[in-house]
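**Q** attaching a predicted model along with its sequence, questions to come.
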Amino acid sequence: MDFKEQIDYSRLPKHIAVIMDGNGRWAKGQGKVRVFGHEQGVLSVKDIVEGCVEVGIEYLTLYAFSTENWNRPKEEVDALMQILISTINRETETLNKNNVKLNAIGNIASLPQECIDDLKEAMAKTAHNEKCTLTLALSYSAKWEILEAAKKIAAAVKDNSITLDDIDEDLFSSKLTTVNIPDPELMIRTSGEHRISNYLLWQMAYTEFYFTDVLWPDFRREDLFEAIVDYQKRERRFGKISEQLN
């Protein structure tokens, strides 16, 4: 029995977040430059998006480019931006075909203008889609996001729009870039690393983590289905004991 056949469709995670790791190591293993790994990783993105649509995952968030990634060699960063631009332009029609809405979070203003323009155009063209929301975390940092939310709340308190007593988890969440997106129930990280790398720190307070040794360019929908099956074997207690869940 393959993993798709083992999925309980009544217990699907609504939102899956992914840290796509291992492109550079995959390329090195092939005797290629790192950029080749990033290019091949795009094929994995396409397959995973289609896999999510296939089984009914409503939200998929991909950690595409962190603020720390700006520290990589300039030629690699430039290549990543070009891959982003070409992929958005090439795949917008496919997103519409699969009824997928494109979204983006992060410090988008820090991206090259061509990236921003193409991203906005693709988001506008797919805004009507309803089956799955694909969010790209670009120039993203969870610490940056939390600080920005804190600044917005502090400013609102300062101008008397809200009081200190108004501040709660719901208000704080409403100031994050993921507003209107449910917190992820499952986070997948490829390539054998076991950390979350400044990704969705607030949103993943109760997320189940799944780590795999598979490098991102080799990750396919069957690997996604395996992660979902593993997630469904877990007991999510949210601070309660097992007997309280029955």
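**A** It's in. Just so you know, these numbers come straight off a predicted model, no measurement behind them.
**Q** I'd like the next helix or strand past the host helix or strand of residue 82.
**A** Secondary structure from DSSP states H and E places residue 82 in helix 74-97. Counting by DSSP H and E, the element after helix 74-97 in chain order, helix or strand, is strand 100-105.
**Q** mind giving me the packing neighbours of that next one?
**A** helix 74-97, helix 113-126, strand 132-140 (3 or more Cβ pairs under 8 Å, 6 or more residues apart in numbering; DSSP states H and E). Where you see a C-beta, it was placed from the backbone N, CA and C, and this is true even at glycine.
**Q** please enumerate the helices of this protein.
**A** Under the criterion DSSP state H, the chain contains helices at 3-6, 23-29, 34-55, 74-97, 113-126, 142-158, 169-174, 221-232, 242-245.
**Q** between those, which one is nearest to residue 201?
**A** Evaluated over the helices of the chain, closeness to residue 201 peaks at helix 142-158, with 3.8 Å, by Cβ to Cβ.
**Q** so which bits of that closest one are buried?
**A** By 16 or more other Cβ atoms under 10 Å, the buried positions in helix 142-158 come out as 142, 144-145, 149, 153, 156.
**Q** with respect to residue 213, which of those is nearest?
**A** Nearest to residue 213 out of those is residue 142 (Cβ to Cβ; 24.5 Å).
**Q** what's the nearest residue to the closest one once chain neighbours are set aside sitting at in phi/psi?
**A** Nearest residue to residue 142, sequence neighbours excluded (Cβ to Cβ, 6 or more residues apart in numbering): residue 201, at 3.8 Å. Main-chain dihedrals, residue 201, degrees, to the nearest 10: phi -60, psi -40.
**Q** from residue 233, how far off is residue 201?
**A** As judged by Cβ to Cβ, to the nearest Å, residue 201 and residue 233 stand 26 Å apart.
**Q** the more surrounded of these two?
**A** With neighbours defined as other Cβ atoms under 10 Å, residue 201 and residue 233 compare such that residue 201 has more, 14 against 8.
**Q** how near is the more buried one to residue 149?
**A** Taking Cβ to Cβ as the measure, residue 201 falls 11 Å from residue 149.
**Q** in the protein, which residue sits furthest out from the middle?
**A** Computed with Cα atoms, centre = their mean, the maximum C-alpha offset from the centroid of the chain is found at residue 160, amounting to 34.8 Å.
**Q** residue 64 against residue 138, yeah?
**A** Yes: here residue 64 lies in contact with residue 138, judged by Cβ atoms under 8 Å, at a distance of 5.4 Å.
**Q** mutual contacts of the two, please.
**A** Listed as contacting both residue 64 and residue 138 by Cβ atoms under 8 Å, 6 or more residues apart in numbering are residue 84.
**Q** picking up where we left off before, so which of the buried residues of helix 142-158 is the closest to residue 129?
**A** residue 145 (24.8 Å).
**Q** mind listing what the closest one touches?
**A** So residue 145 contacts 105-106, 176-177, 202 (Cβ under 8 Å, 6+ apart).
**Q** quick check on those residues: which are buried?
**A** The neighbour-count test (16+ other Cβ under 10 Å) marks 105-106, 176-177 as buried among those.
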